[in-house]
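Chemist: this one's structure only:
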């Protein structure tokens, strides 16, 4: 029961929310007068958030179309290589990072910038590598060929 509960808590959106809360708190209460600038950060932040959400939506659509799971701790029924997965092996995780970076820019959370590489490292360690190891075990040569054709992050 506890392992199942911790598996449901240990999901990328939960970690994203934690990182976003930390960034928002930093921007709101500990800004120390730092700012990215007047307009460009808002524009770039909005583009990153919108692009991240689009990547996630395209990935979820493609995974649903192929009738496989989006849950990172479950075995995949199919190796999805079409749609956005023909460009990046991890569009949802990439979208998560883009949303975090975009909101850090939008909120002027200058001191929260180190959360971006830290969050990327966490995603790779806790989700990407174990997920790719499962795919490698299940799909063997197909996954090896896919890795040769498509980069992990873009």
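Modeler: Received it, and whenever you're ready, just let me know what you need. This structure is a prediction, so every number in the text was calculated from the model and none was measured.

Chemist: tell me, which helix in the chain spans the most residues?
Modeler: helix 40-65 (DSSP state H).

Chemist: Give the buried residues for it.
Modeler: Neighbour counts over helix 40-65 (16 or more other C-beta atoms under 10 Å) mark 41-42, 44-45, 48-49, 52, 55-56, 58-59, 62-63 as buried. (Each C-beta comes from the backbone N, C-alpha and C, glycine too.)

Chemist: same for the helix or strand following that helix, what does it pack against?
Modeler: Under the assignment DSSP states H and E, the closest C-terminal helix or strand after helix 40-65 is helix 91-106. Helix 91-106 is packed against helix 12-29, helix 40-65, helix 115-123, with contacts defined by 3 or more C-beta pairs under 8 Å, 6 or more residues apart in numbering; DSSP states H and E.

Chemist: any idea of the mean pLDDT for the second one?
Modeler: For helix 40-65, mean pLDDT is 96.

Chemist: What of stretch 144-154?
Modeler: Mean pLDDT, stretch 144-154: 93.

Chemist: Tell me how far that stretch lies from the chain's centre.
Modeler: Distance, stretch centre to chain centre, for stretch 144-154: 17 Å (C-alpha atoms, centre = their mean, to the nearest Å).

Chemist: Look up how far residue 35 lies from the residue nearest to residue 52 when sequence neighbours are not counted.
Modeler: Nearest-residue entry for residue 52: residue 98, 3.2 Å, with adjacent residues in sequence omitted and distances by C-beta to C-beta, 6 or more residues apart in numbering. To residue 35, residue 98 is 21 Å away according to C-beta to C-beta, to the nearest Å.

Chemist: out of the two, which sits in the busier spot?
Modeler: Neighbours were tallied for residue 98 and for residue 35 using other C-beta atoms under 10 Å; the higher tally belongs to residue 98 (21 against 12).

Chemist: For residue 119, see how far away the nearest residue to residue 42 once chain neighbours are set aside is.
Modeler: Nearest residue to residue 42 in three dimensions, chain neighbours excluded: residue 106, at 5.7 Å (C-beta to C-beta, 6+ apart). Distance of residue 106 to residue 119, computed by C-beta to C-beta: 16 Å.

Chemist: Next up, the contacts around the residue positioned nearest the centre of the chain.
Modeler: With distances taken as C-alpha atoms, centre = their mean, residue 93 lies nearest the centre of the chain, 2.1 Å away. Contact analysis of residue 93 by C-beta atoms under 8 Å, 6 or more residues apart in numbering lists 12, 123-124, 127-128.
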